[in-house]
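Novice: Give me the fold of what follows.
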Amino acid sequence: MDQLALLFILLLGALVTVPLGDRLGLPSPVLMTLGGIVLALLPFVPNVDIAPEFILPLLLPPLLYASAQRTSWRQFAANRRPIFLLAVALVFVTTAAVAAIADAVVPGISLAAAVALGALVAPPDPVAATAVAGSLGLPRRVVSILEGEGLFNDVTAIVLYHVAIAAAVSGSFSAPRAVGELVLSAVVAVAVGLALGWAAKRLMDLLGEPTLQIGLTLLVPFVSYVLAEEFKGSGVLAVLTTALFLAEYATDADDVLGRLAGHTFWEVVDTLVTGAAFGLVGLELHNAVATASGRWGEMLGIGAVVAAVVVGVRLLWLLPAAWLTRKLHKRRDVDEEVLMSWRETVVMWWSGMRGVASVALALAIPLEMDDGSPFPARDEILFIAFTVVIATLVVQGLTLPWLVRRLKVRADADVDRELERKLAIRAARAAKRRLLEIEEKEDLPEDLSEMLARRAYDVGARISPEMVDEERREAYARRVERMRTLQRVQGEMLSAARHEVLAARSEPGADPEVVDRVLRHLDIKSLRGG
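Specialist: Next up, the predicted model:
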């Protein structure tokens, strides 16, 4: 088996583990990691051979871009305090704690290399956390804080990591210079992200065609990452800035087909890249076994100690941080999502799984120093990183559903329904206002005007039936039943039309391009309800 065949196996596994995980009640990233471990144990499966400098640019941009598309600037602004405490402060604290332990117990490691180890195991993986926690019906505030933490802690950790690696490779370190590099990295990344987001939006308007626009969004995160890195900025922060800019300013409310196609496309990309990345995590067992050969007890002991420090520091930091955030939240009237109970804090703690970012950073450690000597304790760092990832991802990932059920932490369905009802009312009122504006300009027939007025209410009632009274709800239910019958019959008619057009594709003299154009017209008509 060669590297290409192994890649295709991982991509296939990324698809298969999604429905399998749903049936077994297990997160698909955990299953992919276990699958990678199984592959690593097979003698005919080759070692993963990817150049360290390609790991981060290939894996992180699409994963970060897909995650950032599910959030917004407002969410980050509202949750800036808990995100800062988790994504910035906690990363520094965890890095310092792990570096101190590693410097004491890992033979041959330098202080700078120990800091690099601390930085690469400090950030919980945003993909793992949201993939595992998002399917458990947790309160939206918990998921929001996990998403915000997962995105921004990668920024903090990776910048710390690069500073530590530079110090380790060069053999010198200057605190003022390191702080300056941190600030410069952030400023450059935001500038590059905003500039590229603006340019991408203009180019999308120029392209027009949804297929071309979606293709551009696939290139944008990679360009943003590489461009920021070329100018000594944070590629992760640049991708995050670009993604948030495009989500905020490049969304056309009337581009229904483009939005649906783009959402589907990025769901596919996210599923494939996430699965392949977690499969690679499991496949790193090859390197871990080679590193620990002959000293399993010592290496497993060190890995277990570092994993315990990572998990323990998170709990010791979260408990007072959550308490402080709640106190400050009560004193100020801010639209902020905070952990409201100790149960949610415990779930937040146990959701801090390490994953793709930690393994990618470990693999990206250079092989040699500037003077040509081997990087200090590189193999040991790889083994420790692998141990921490497996211990947190597999153990915490498999037990998190049980913990959530045991603590009875569930989303507040009433709050979600109330928000849904309010949005439904706003949508219906907007449709009604637009109808009145049209009626002032155009002389609509009375029966058509009445029908459109009913449909304005139907816009909201379809989203949230609770927004209308009982009598209107019954009338709406009757109209829905009538519409379902109409759509069912019309759908069968369009299906017959599509079958006929497809049959013509194999007839002599049929032009496939013309057939496909007609078929696309029928597909769009079906999508729009005829």
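Novice: Other residues contacting stretch 37-56?
Specialist: 1-3, 6, 9, 58, 158, 225, 235, 279-280, 282-287, 289, 360-361, 363-367, 390 (C-beta atoms under 8 Å, 6 or more residues apart in numbering). Backbone N, C-alpha and C define where each C-beta goes, glycine included.
Novice: Could I get the buried residue list for that stretch?
Specialist: 37, 39-40, 45, 48, 55-56 (16 or more other C-beta atoms under 10 Å).
Novice: How about stretch 197-209?
Specialist: In stretch 197-209, counting by 16+ other C-beta under 10 Å, buried: 197, 200-201, 204.
Novice: can I have it written out in PDB, keeping just the CAs?
Specialist: Output in PDB follows, covering the C-alpha atoms of stretch 197-209 (Å, rounded to 0.1, in the frame of the first residue of the first chain):
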ATOM      1  CA  GLY A 197     -11.600  39.300   2.600                       C
ATOM      2  CA  TRP A 198     -12.300  42.600   0.800                       C
ATOM      3  CA  ALA A 199     -10.600  41.500  -2.400                       C
ATOM      4  CA  ALA A 200     -12.400  38.100  -2.300                       C
ATOM      5  CA  LYS A 201     -15.800  39.800  -1.900                       C
ATOM      6  CA  ARG A 202     -15.100  42.100  -5.000                       C
ATOM      7  CA  LEU A 203     -13.900  39.100  -7.000                       C
ATOM      8  CA  MET A 204     -17.000  37.100  -6.000                       C
ATOM      9  CA  ASP A 205     -19.200  40.000  -7.300                       C
ATOM     10  CA  LEU A 206     -17.200  39.900 -10.600                       C
ATOM     11  CA  LEU A 207     -17.400  36.100 -11.000                       C
ATOM     12  CA  GLY A 208     -21.100  36.000 -10.400                       C
ATOM     13  CA  GLU A 209     -21.600  32.300 -11.100                       C
END
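Novice: ok, back up a step: show me which of the contacts of stretch 37-56 are buried.
Specialist: Judged by 16+ other C-beta under 10 Å, buried ones among the contacts of stretch 37-56: 6, 9, 58, 158, 225, 235, 279-280, 282-287, 360-361, 363-365, 390.
Novice: How many neighbouring residues does residue 398 have?
Specialist: A count of nearby residues for residue 398, using other C-beta atoms under 10 Å, gives 16.
Novice: Hmm, it is touching residue 29, no?
Specialist: No. The pair residue 398 / residue 29 is not scored as a contact, 11.1 Å apart, by C-beta atoms under 8 Å.
Novice: Could you list the low-pLDDT ranges of the stretch 151-300 of the chain?
Specialist: Under the criterion pLDDT under 70, the flagged ranges of the stretch 151-300 of the chain are 173, 250-257, 287, 290-293.
Novice: Show me the strands in the chain, by range?
Specialist: For the chain, applying DSSP state E gives no strands.
Novice: Lowest mean pLDDT among the helices and strands, pick that one out for it.
Specialist: helix 126-133 (a mean of 63; mean pLDDT, DSSP states H and E).
Novice: Can you tell me which of the buried residues of stretch 197-209 is closest to residue 64?
Specialist: Lowest distance from residue 64 to the buried residues of stretch 197-209 (C-beta to C-beta) belongs to residue 197, with 13.8 Å.
Novice: Disregarding residues adjacent in the polypeptide, which is nearest to the closest one?
Specialist: residue 245 (3.1 Å; C-beta to C-beta, 6 or more residues apart in numbering).
Novice: okay, now the one you found: neighbour count?
Specialist: Number of residues near residue 245 (other C-beta under 10 Å) recorded here: 21.
Novice: separation between it and residue 191?
Specialist: In this view, residue 245 and residue 191 are 12 Å apart by C-beta to C-beta, to the nearest Å.
Novice: where do the contact lists of those two overlap?
Specialist: Contacts common to residue 245 and residue 191, judged by C-beta under 8 Å, 6+ apart, are absent.
Novice: dump the residue contacts of the nearest residue to residue 306 once chain neighbours are set aside.
Specialist: Of all residues not flanking residue 306 in the chain, residue 384 sits nearest, at 5.2 Å (C-beta to C-beta, 6+ apart). If you count contacts by C-beta under 8 Å, 6+ apart, residue 384 has them with 102, 106, 117, 121, 299, 302-303, 306.
Novice: Please identify the one among those that lies nearest to residue 374.
Specialist: residue 106 (14.6 Å).
Novice: What count of nearby residues applies to residue 396?
Specialist: Counted with other C-beta under 10 Å, residue 396 comes out at 22.
Novice: Apologies, that question was intended for residue 22.
Specialist: Neighbours around residue 22, by other C-beta under 10 Å: 12.
Novice: Relative to residue 28, how far out is it?
Specialist: Taking C-beta to C-beta, one finds residue 22 at 8 Å from residue 28.
Novice: and the gap between residue 356 and residue 516?
Specialist: Taking C-beta to C-beta, one finds residue 356 at 38 Å from residue 516.
Novice: Would you mind telling me which of the two has the busier surroundings?
Specialist: Higher neighbour count among residue 356 and residue 516: residue 356, with 27 against 14, using other C-beta under 10 Å.
Novice: Name the nearest residue to that one, ignoring sequence neighbours.
Specialist: residue 277 (4.2 Å).
Novice: Surely the one you found touches residue 61?
Specialist: No. Residue 277 is beyond contact range of residue 61, at 11.9 Å (criterion: C-beta under 8 Å).
Novice: which one of these two has more residues nearby?
Specialist: residue 277 (29 against 26).
Novice: Show the contacting residues for the more buried one.
Specialist: 59, 63, 127, 355-356, 360.
Novice: In CSV: the residues you listed, plus distance to residue 342.
Specialist: Formatted as CSV, the entries for those read as follows, by distance: C-beta to C-beta, whole Å:
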residue, distance to residue 342
59, 35
63, 31
127, 27
355, 26
356, 30
360, 34
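Novice: Count the residues that sit near the closest residue to residue 145 other than its chain neighbours.
Specialist: Spatially, and ignoring its direct neighbours in sequence, residue 145 is nearest to residue 82 (5.3 Å; C-beta to C-beta, 6+ apart). Counted with other C-beta under 10 Å, residues neighbouring residue 82 total 26.
Novice: what about the closest residue to residue 121 other than its chain neighbours, neighbour count?
Specialist: With C-beta to C-beta, 6+ apart as the criterion, residue 121 has its nearest non-adjacent residue at 4.8 Å, and that residue is residue 388. Residue 388 has 28 neighbouring residues, counting by other C-beta under 10 Å.
Novice: just residue 509 next, same as before
Specialist: Quick note: residue 509 (other C-beta under 10 Å) scores 5 neighbours.
Novice: Please report phi then psi for it.
Specialist: Backbone torsions of residue 509, given as degrees, to the nearest 10, read phi 80, psi 0.
Novice: I figured the residue nearest to residue 197 hits residue 193, correct?
Specialist: Yes. Contact criterion C-beta under 8 Å: residue 245 and residue 193 qualify, at 6.7 Å.
Novice: Please list all residues in contact with the nearest residue to residue 324 once chain neighbours are set aside.
Specialist: Counting by C-beta to C-beta, 6+ apart, residue 85 is the residue found nearest to residue 324 once chain neighbours are left out, at 7.8 Å. Residue 85 makes contacts with 317, 321, 324-325, as judged by C-beta under 8 Å, 6+ apart.
Novice: Distance-wise, check the residue nearest to residue 120 when sequence neighbours are not counted relative to residue 169.
Specialist: Leaving aside its sequence neighbours, residue 120 sits nearest to residue 361 (C-beta to C-beta, 6+ apart; 3.8 Å). Computed as C-beta to C-beta, the residue 361 to residue 169 distance reads 15 Å.
Novice: How many residues are close by residue 410?
Specialist: Residue 410 has 12 nearby residues by other C-beta under 10 Å.
Novice: what do you get for residue 267?
Specialist: 12.
Novice: Tell me which residues are up against stretch 442-449.
Specialist: 435, 438-439, 452.
Novice: hang on, residue 61 packs against residue 238?
Specialist: No. Using C-beta under 8 Å, residue 61 is not in contact with residue 238, being 9.2 Å away.
Novice: Before we move on, what's the pLDDT of the residue most central in space within the chain?
Specialist: Centroid-nearest residue in the chain, with C-alpha atoms, centre = their mean: residue 67, separated by 2.6 Å. Per-residue pLDDT puts residue 67 at 77.
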